[in-house]
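Using only what follows, build the 3D model:
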Amino acid sequence: MSFNVHAVRENFPILSMKVHDHPLIYLDNAATTQKPRSVIESLGTYYSAHNANIHRGVHELSQKATAAHEEARAKVCRFIGAASEREIIFVRGTTEAINLVAQSYGRNNIGPDDEIIISEMEHHSNIVPWQILCEQTRAHLRVIPVTDSGELKIDEYKRLLGKRTKLVAITHVSNALGTINPIEEIISAAHAQGVPVLIDGAQAVAHLKVDVRALDCDFYAFSGHKLFGPTGIGVLYGKESFLKQMPPYQSGGDMIRSVSFSGTTYNELPFKFEAGTPDIAGAIGLGAAIDFIEGVGLEAIGKYEQELLNAATEKLSRVNGLTILGTATHKAAVVSFVIKGIHPHDIGTILDRHGIAIRTGHHCAQPLMERLGVPATARASFAFYNTAEEVDVLVDGLAKAQEVFGYE
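Model (predicted):
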């Protein structure tokens, strides 16, 4: 591979550590990604050099902290192609972003017998908020089915769209299978009927170039910690025309313009949705992560990760008794699998003893597991700091697991 993965790895301190006396092989990137040194240092710089609250201080430290925080917002805006920084809302992560839309937009625009369309492959974070909203408003969920290969049945989706449809909420990339959904087609079909669309981009932004204006999505949500940034910070993009009409999701300091006992007026965008002291350091760290990713190049990252995915798929397919779940034509670098006679948790435990970190379980996608007829899978998810050699070590580790269970 021409991509200089070893130069990239030098930026990630944790990748040089050992686990159970073996070099760490980190293949749990769909759960959270590791952090480059520049991100780690950005947090230390904030806390050691200009730690202060933002937006409301006239002193030097507050001014510096505010500037750094808002510079991070500008970086996010450019990174996803938003029209304005007013469309970038800092939240704790994808989960809070979806809940914000459900409770602010949903409670005010969705009523009895209206319908919300999601899919069988959604993460629980893009299921439960809509279930709660349906209970509150007496609306109904409609679910796009998936094929055996883990692709959406687009014809079924188009049949679900109707006069009662008030919102479509769909994942860009499946966290459990790696399927890359045709969201351009999904958005276009919804907009043809005047239906807004929210995209769960948690698994996409670190691997694909996202341009929210080109996609024409109405909302886009993602988390910093899956983008090589800190935990506890995330982003909701919303078209300004929608955000202006939506009431605050939470209330408190900084989301107000004025308060009296006779009433309150709210702040302008984006601050209307950012009550209280935000995760200032997290936002700055997210900005540093974006700088790092752009320095490497998303096009180069995507190409390299596809090479890793192809190698892993080919080599894992040769493992006797192993079945890959999720064989969509368009996939991100995620491979979910089961091995005959070995529970996924046992696979994960044995691999861990050899320094290999994968994810096992239902991946917060229990309806999808039910559709596929399995209680859980083992999932190896790759990032641009993983190597072809690590794929080989994974395959060897699976052979050791089979030996433990006497698999022939």
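
partners of residue 171 in the sheet?
residue 200 (DSSP bridges).

where exactly do the strands run in the stretch 251-400 of the chain?
Ranges of strands in the stretch 251-400 of the chain, per DSSP state E, counting those that start in this stretch, are 256-260, 263-266, 322-325, 334-339, 356-357, 359-361, 377-381.

Including distance to residue 158, mean neighbour count and mean pLDDT, could those go into a markdown table?
Backbone N, C-alpha and C define where each C-beta goes, glycine included. Compiled in a markdown table, these are given as follows (distance: least, CB to CB, whole Å; neighbours: other CB atoms under 10 Å; pLDDT from 0 to 100):
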| stretch | distance to residue 158 | mean neighbour count | mean pLDDT |
| --- | --- | --- | --- |
| strand 256-260 | 43 | 11 | 88 |
| strand 263-266 | 38 | 11 | 89 |
| strand 322-325 | 26 | 18 | 97 |
| strand 334-339 | 27 | 25 | 98 |
| strand 356-357 | 40 | 21 | 98 |
| strand 359-361 | 33 | 20 | 96 |
| strand 377-381 | 29 | 28 | 98 |
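
Can I get the ones you listed in a markdown table including distance to residue 161?
Below are the strands of the stretch 251-400 of the chain laid out as a markdown table (distance: least, CB to CB, whole Å):
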| stretch | distance to residue 161 |
| --- | --- |
| strand 256-260 | 39 |
| strand 263-266 | 33 |
| strand 322-325 | 28 |
| strand 334-339 | 28 |
| strand 356-357 | 41 |
| strand 359-361 | 33 |
| strand 377-381 | 31 |
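
right, and these - which one's nearest residue 371?
Closest of the strands of the stretch 251-400 of the chain to residue 371 is strand 322-325, at 10.3 Å (criterion: CB to CB).

dump the residue contacts of residue 326.
Residues near residue 326 by CB atoms under 8 Å, 6 or more residues apart in numbering: 149-150, 174, 176-179, 334-336.

the strands in the stretch 1-150 of the chain, which residues?
Using DSSP E, counting those that start in this stretch, strands in the stretch 1-150 of the chain cover 18-19, 22-23, 25-26, 88-91, 115-119, 140-144.

who's in contact with residue 13?
Going by CB under 8 Å, 6+ apart, residue 13 touches 37, 40.

any idea how far it lies from residue 270?
Look at residue 13 and residue 270: by CB to CB, to the nearest Å, they are 33 Å apart.

returning to what we had before: relative to residue 391, which of the strands of the stretch 1-150 of the chain is closest?
strand 25-26 (9.3 Å).

For the closest one, which strands pair with it and how are they oriented?
When pairs are called by DSSP bridges, strand 25-26 turns out to pair with strand 356-357 (parallel).

Tell me which residues are up against the strand it pairs with.
Contacts for strand 356-357 (CB under 8 Å, 6+ apart): 19, 22, 24-28, 351, 393-394, 397.

Recalculate using a threshold of 7 Å.
Strand 356-357 is contacted from outside by 25-28, 393-394, 397, using CB atoms under 7 Å, 6 or more residues apart in numbering.
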